[in-house]
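S.K.: How does the following fold in three dimensions:
(chains A and B)
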Amino acid sequence: MTEAPAPSAPTDGSRLSRRGVERLDLLLLTIEALDLNGGEAMVWTSQQMGLQAQFPNRVELWKRRCHNPLRRTTRRDQLDPVDAESLICLVCAMADRLYPLLHQLLSSREPEQLTQQRWQLFHERLRDLIEERMNQRREAVVRLLTMEPAGSLHRELISTLAFCAGPGGIDRLRATLLDPTP
Amino acid sequence: MLKTTYQYEQTAARLVVEGFPDLSAGHSNEAIGILSSWRLQLVGAPELEGTRDHLEALMGAVMPYARHRLSGVQRRFGQESGFVSIAPDQANHRLELRSSREGVEPLQLKLDDAELADLVRCLDRLRLDSRVKLTWTFPEDRPLKRQEIVDRVPLQKRLGPPLLAGVALACTIATAWLVPLPHETKESSPVPAPVEKPETQSDR
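M.R.: Numbers count the residues shown, from 1 in each chain, chains lettered A, B, ... in the order given. The predicted structure is shown next:
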């Protein structure tokens, strides 16, 4: 199990940029698209990791995720670095839990038709979640929904989860989310 | 002294390391302070084995590659003349291993995303294993420099918008230059009639 960040979180005080927060929330949305019971599983996993203080229930978790400016309901203040670190650890722990699914989607050794069906199901679920949660008046959300081929972005999200699964992925994911905006 | 063996498995990859505790450094019996050999088994590929130098080269190429891959930067890692290098190969990854023995052709392995993720996870477990007291020499995971991020965008896409803006501006200036300015016409205004001053009492 991925461990929770220590109280003196190794974030060196760096705040995630707007794009970093958007990407982090999109990864959590991807996890929900993979796992139908993803919302509950996130709360349960956060409790297993000792993150009750940050996310005691689904509402608190939702509040943190609302820092994403692309959401229907957004919060204007910046995401606290400790909360961001907790969300990063949560993503890595959930990716670890869902790793067999991620592997199936990315593997070229799986039967072609079965892989296509799995991807199709994932595309539909993610699209539904984006439509349900995100503000469709935002140009970035419209781009997410109309992107052709949608598969390239979705594959990028799945491979990101696969490469940051487990405790070893925390540093990699944090560094990626702190990348400067081009 | 007993040889200690640890195994790290992840779906399509299995990494086995063997070694001894470095008693001079005060290691316990179950620790590995001196790596004697390692073996890597990937499904559908020949078994790889080598010494600590080879494992360090593998770690030094694969870990930064995975880090950069997450940021969308796809380039080769590992020196041309080194033991290991990894580079993107269309949608897959090409892992090239060179033997230290002379006359042995380099081995090329084609990995898909799932196999690479398996390998990365095995290496992650090894480097995070507190029983393996080895120090690895690969760069720490840090945010990339802006230039590296910018370089991933194709030149055409990067230069397109400013070039288009420049052309649009030039067209606007040229059009404005060609359109003749309206001539200023001076209308002759009538000479104002002299105003008769009414006489006041003080004038008298």
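S.K.: Sort out which residues of the helix or strand of chain B with the lowest mean pLDDT are buried, please.
M.R.: One helix or strand of chain B scores below all others by mean pLDDT, DSSP states H and E: helix B:146-151, with a mean of 83. Under the neighbour-count criterion of 16 or more other Cβ atoms under 10 Å in any protein chain shown, helix B:146-151 has B:148-149 buried. Glycine gets a C-beta too; all of them are placed from N, C-alpha and C.
S.K.: burial count for residue B:14?
M.R.: Other residues near residue B:14 number 17, with proximity taken as other Cβ atoms under 10 Å in any protein chain shown.
S.K.: whoops, residue A:151 was the one
M.R.: Neighbours around residue A:151, by other Cβ under 10 Å: 13.
S.K.: Contacts (any at all) between chain B and the helix or strand hosting it?
M.R.: Secondary structure from DSSP states H and E places residue A:151 in helix A:150-163. Yes: against chain B, helix A:150-163 shows contacts by Cβ under 8 Å from any Cβ of the partner chain at A:155-156, A:159-160, A:162-163.
S.K.: Which secondary structure state is assigned to whichever residue of chain B sits closest to chain A?
M.R.: Nearest residue of chain B to chain A: residue B:124, at 2.6 Å (Cβ to the nearest Cβ). At residue B:124 the chain is in helix, as set by DSSP: H, G, I helix; E, B strand; the rest coil.
S.K.: Close to chain A: what parts of chain B are there?
M.R.: B:11-12, B:43-44, B:66-67, B:69-72, B:92, B:112-118, B:120-121, B:123-125, B:127-128, B:140-146, B:149-150, B:152-153.
S.K.: Strands - which of those residues land there?
M.R.: residue B:92 (DSSP state E).
S.K.: Any of the residues of chain B next to chain A buried? List them.
M.R.: Buried, going by 16+ other Cβ under 10 Å: B:11-12, B:66-67, B:69-71, B:112-118, B:120-121, B:123-125, B:141, B:143-144, B:149, out of the residues of chain B next to chain A.
S.K.: So which of those sit within helices?
M.R.: In helices, defined here by DSSP state H, the members of those are B:66-67, B:69-70, B:113-118, B:120-121, B:123-125, B:149.
S.K.: Nearest spatial neighbour of residue 142, chain-adjacent residues omitted?
M.R.: You didn't pick a chain, so chain A it is. residue A:136 (6.5 Å; Cβ to Cβ, 6 or more residues apart in numbering or on different chains).
S.K.: um, chain B though
M.R.: Closest residue to residue B:142 apart from its sequence neighbours, by Cβ to Cβ, 6+ apart: residue A:175 at 5.4 Å.
S.K.: contacting residues around the one you found?
M.R.: Applying Cβ atoms under 8 Å, 6 or more residues apart in numbering or on different chains to residue A:175 gives the contacts B:67, B:141-144.
S.K.: returning to what we had before: count of residues packed around the residue nearest to residue A:142?
M.R.: 13.
S.K.: One more: residue A:167?
M.R.: Other residues within reach of residue A:167 by the criterion other Cβ under 10 Å amount to 16.
S.K.: does it belong to a helix or a strand, and which?
M.R.: Residue A:167 belongs to no helix or strand, assigned by DSSP H and E.
S.K.: now the one 5 residues further on
M.R.: Here residue A:172 sits within helix A:169-177, counting by DSSP H and E.
S.K.: average pLDDT for that helix?
M.R.: Averaged over helix A:169-177, pLDDT sits at 95.
S.K.: How about stretch A:44-55?
M.R.: In the prediction, stretch A:44-55 has an average pLDDT of 91.
S.K.: List the buried residues in that stretch.
M.R.: A:45-46, A:49, A:51, A:54-55.
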